[in-house]
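Asker: Here is my input; please provide its structure:
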Amino acid sequence: MAFKNDKNSGNFFEVKDCAIITRMGGVESAINLRELKERLITCSIDCLYFHFCETLIRPSFDNPEYRNDFALWAAYNLRDRALAERLGIINPYSFNNLEELREKIIEIVEDRLSHLDYMPSVPKGDEFIFMRAATVVFDTGIVLKKPSDLLLKLPSMSRSTLYYHFMEARRRTQDRVDDFTFWLQFHSDKNQKIIDALSQIDFYFINLNELKSVLIETLKKVI
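Answerer: Numbering: from 1, shown residues only. The predicted structure is shown next:
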């Protein structure tokens, strides 16, 4: 946990960085939409998180048109742009949990299957391979002692630091908020403007460099 609240440390925020270690998802790959649906039913929620949320931190993923692997595969491997568009607009952070996300993906895939006259399959090498990742967290040596430190230190924070504290945090914090918001809630009762401003950032469909710029401009207005 990045936030410390005790008599020795005070309300300090220890800035972390992270890296992900990818591994196989534990289910077979899919060569067509029917197989994709079958795998979606049984795969780990960590696979869903990897293919929807961890794309931002993966150096191999850089596609401004589609933010998740399922939409990307539908568009460029299955050649199904209609399906890709529907999958591409899904925001995983708009769901209460990843099981709800799973239900939505399956619903879309089932609907698409019901409209297909035949079952297109991809050639060997183009299968959808389910993956997941473990997150390794380490210290940066940066400590925030007051809200203004956040604005001061943001320019030097790495992309993976922003991912860890602003996105990955939503899997582990109370009320599914970013780490900065969680810290500000306990730091002072005068930070509601900052908290409200952070909550208004629509972060999923932008990359991490854009997120940094948005955070800096947002905080300049309220700090």
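Asker: only C-alpha atoms for contact and neighbour calcs from this point on.
Answerer: OK.
Asker: where does the protein dip in pLDDT?
Answerer: For the chain, residues meeting the criterion pLDDT under 70 lie at 1-10, 61, 187-189.
Asker: Can you show me the helices along this structure?
Answerer: For the chain, the helices defined by DSSP state H cover 33-42, 45-52, 69-76, 81-88, 98-114, 147-153, 159-162, 179-187, 192-199, 208-222.
Asker: Can you pull the domain assignment for this protein?
Answerer: 26-129, 144-222 (automatic domain parsing).
Asker: Let's have those in JSON lines, adding mean neighbour count and distance to Val137.
Answerer: Converted to JSON lines, the domains of the chain look like this (neighbours: other Cα atoms under 10 Å; distance: least, Cα to Cα, whole Å):
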{"stretch": "domain 26-129", "mean neighbour count": "17", "distance to Val137": "13"}
{"stretch": "domain 144-222", "mean neighbour count": "16", "distance to Val137": "9"}
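Asker: mind putting the ones you listed in a markdown table, distance to Ile20 included?
Answerer: Shown next, in a markdown table, are the domains of the chain (distance: least, Cα to Cα, whole Å):
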| stretch | distance to Ile20 |
| --- | --- |
| domain 26-129 | 8 |
| domain 144-222 | 10 |
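Asker: Tell me which of those approaches Ala19 most closely.
Answerer: Proximity to Ala19 (Cα to Cα) singles out domain 144-222 among those, at 7.0 Å.
Asker: quick one, what contacts the residue nearest to the spatial centre of the chain?
Answerer: Against the mean C-alpha coordinate of the chain, by Cα atoms, centre = their mean, the closest residue is Cys53 at 2.8 Å. Residues near Cys53 by Cα atoms under 8 Å, 6 or more residues apart in numbering: 68, 92.
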